[in-house]
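Chemist: structure for the following, please:
(one chain, ligands or ions: 1)
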Amino acid sequence: MTQNRGDMNFPPAGTLGALLRLAKQRLGEAGVEDPGLEARLLVEHFTATTRTDAIASPERPVDAEAVRKVEAAIGRRIAGEPVHRILGWREFYGLKLTLSPATLEPRPDTETLVDLVLPDARRIAAIRGRCRILDLGTGTGAIALALLSLVPEAEAVGTDISQEALETARRNAEINGCAARFDVLKSSWLDSVDGLFDLVLSNPPYIATEEIKTLEPSVREHDPVASLDGGPDGLEAYRAIAAGAHCHLTAGGLVGVETGHDQKAAVAAIFASHGYRTVKTARDLGGRDRAMVFALAQGG
Ligand SMILES: C[S@@+](CC[C@H](N)C(=O)[O-])C[C@H]1O[C@@H](n2cnc3c(N)ncnc32)[C@H](O)[C@@H]1O
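Modeler: Residues are numbered from 1 along each chain as shown. Model (predicted):
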């Protein structure tokens, strides 16, 4: 993707259908993998239209200002910026989550962890009338807010080392109608956490430091390094969480984590060394090991 904005040649104004076709064509020429989808996302966002508008009213006029915005967005995308960074939001488990430079762009892989613990959150809420969730390294708030949106009796605390991420998570809670059940706390893993939780969850940074430079530019240049860097072997956060979580688990409480696809055995061993047994695991849509749930072997 080497083209720059100067080559775009978008007309000064036009129709929605023509703008969509041109955006798709430019993205396709630049080698974007799914130009139709990305053109639609960008055009809808910057023209404030919907998919239905494009289907039902392709002749709808688009003014010069909107065309300029779409052209600029296509230029940024062709220069390598991920489409959701340009949009400033990404959908996660049906929620629209705003992004900031301090937050990871939430990935569909992380929905695997939500799917794995959702039955536990519902079961605990049904038995206890509430379910207290701790989301360590909450970023946009993705994991906690998805569960809050699905389990009305649940309440959550989202922690992060980044104050800016916490502000984004809080904003996302407001946008998605969960703010009354969501608190944020600045903490390095469990250092500043108080109280007991039924579910302690995390998608921590799990890339080995040396591997970060080998990641796709769309990841290494746009996701914050604090959301990626798991230390020399990628496992440092799991050690901190396994060491600290037992002080904050209710009786029968569970710890759920996302892992890298090749970290299942190593993460199980870390939790086992702190007295946990593996309760269940799950693979992502690509069939790779992705999420694990632990309980204290002695029942907590
Ligand atoms: C992989 S991202 C996950 C973000 C979000 N939970 C998600 O799944 O999209 C890891 C998060 O951990 C946070 N983090 C990094 N080091 C931390 C630490 N020592 N204590 C707490 N959070 C930390 C990062 O700022 C980042 O938001």
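Chemist: how close does residue 42 get to the ligand?
Modeler: Remark: distance between residue 42 and the ligand (Cβ to the nearest ligand atom, to the nearest Å) = 22 Å. The C-beta positions use only the backbone N, C-alpha and C, and glycine is treated the same way.
Chemist: also residue 250?
Modeler: Residue 250 is 21 Å from the ligand, by Cβ to the nearest ligand atom.
Chemist: which residues of the stretch 151-300 of the chain lie near the ligand?
Modeler: 159-162, 165, 188-189, 203-205, 226-227 (Cβ under 6 Å from any ligand atom).
Chemist: give the helix, strand or coil label for residue 255.
Modeler: Here residue 255 is strand, with the state taken from DSSP: H, G, I helix; E, B strand; the rest coil.
Chemist: okay, it: pLDDT?
Modeler: The score at residue 255 is 98. That number is its pLDDT.
Chemist: and for residue 1?
Modeler: pLDDT, residue 1: 46.
Chemist: for residue 11, same thing?
Modeler: With respect to pLDDT, residue 11 has a value of 77.
Chemist: okay, now the unreliable bits of the stretch 201-300 of the chain?
Modeler: Residue ranges of the stretch 201-300 of the chain with pLDDT under 70: 299-300.
Chemist: quick one on the thing from earlier: filter the residues of the stretch 151-300 of the chain next to the ligand down to the buried ones.
Modeler: If you count burial by 16 or more other Cβ atoms under 10 Å, the buried members of these come out as 159-162, 165, 189, 203-205, 226-227.
Chemist: get me the contact residues on the stretch 1-150 of the chain for the ligand.
Modeler: Residues of the stretch 1-150 of the chain lying close to the ligand by Cβ under 6 Å from any ligand atom are 104, 106, 110, 136-140, 142-143.
Chemist: where's residue 97, which helix or strand?
Modeler: strand 95-98 (DSSP states H and E).
Chemist: show residues contacting that strand.
Modeler: Residues from elsewhere that reach strand 95-98, judged by Cβ atoms under 8 Å, 6 or more residues apart in numbering: 88-91, 106, 140-142, 145-146, 149, 168, 171-172, 175-176.
Chemist: send me that strand as CSV with only the CA atoms.
Modeler: The C-alpha coordinates for strand 95-98 follow below in CSV (Å, rounded to 0.1, in the frame of the first residue of the first chain):
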residue,chain,number,x,y,z
LEU,A,95,-21.1,-3.0,21.5
LYS,A,96,-19.6,0.1,19.8
LEU,A,97,-16.4,0.9,21.7
THR,A,98,-14.4,4.0,21.1
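Chemist: neighbours of residue 210, how many?
Modeler: Residue 210 is flanked by 10 other residues according to other Cβ atoms under 10 Å.
Chemist: residue closest to the middle of the chain?
Modeler: By Cα atoms, centre = their mean, the mean C-alpha position of the chain lies nearest to residue 106, the distance being 1.5 Å.
Chemist: sec struct for that one, please.
Modeler: Following three-state DSSP, residue 106 is assigned to coil.
Chemist: doesn't residue 140 make contact with it?
Modeler: Yes: Residue 106 lies in contact with residue 140 (Cβ atoms under 8 Å); the separation is 5.5 Å.
Chemist: overlap in contacts of the two?
Modeler: Counting by Cβ under 8 Å, 6+ apart, the common neighbours of residue 106 and residue 140 are 90, 92, 97.
Chemist: can you pick the most crowded of those residues?
Modeler: residue 97 leads the shared contacts of residue 106 and residue 140 on contacts (other Cβ under 10 Å) with 26 neighbours.
Chemist: ok, for that residue, nearest residue in space, not its chain neighbours?
Modeler: In this structure, residue 97 finds its nearest non-sequential neighbour in residue 140, 4.4 Å apart by Cβ to Cβ, 6 or more residues apart in numbering.
Chemist: who's in contact with that neighbour?
Modeler: Applying Cβ under 8 Å, 6+ apart to residue 140 gives the contacts 90, 92, 97-99, 103-104, 106, 165, 168-169, 172.
Chemist: helix/strand/coil for residue 27?
Modeler: The three-state assignment at residue 27 reads helix, by three-state DSSP.
Chemist: which residues touch it?
Modeler: Residues near residue 27 by Cβ under 8 Å, 6+ apart: 35, 38-39, 74, 77-78.
Chemist: for the stretch 51-200 of the chain, what spans make up the helices?
Modeler: Under the criterion DSSP state H, counting those that start in this stretch, helices of the stretch 51-200 of the chain are mapped to 51-56, 64-78, 83-87, 111-128, 142-150, 163-175.
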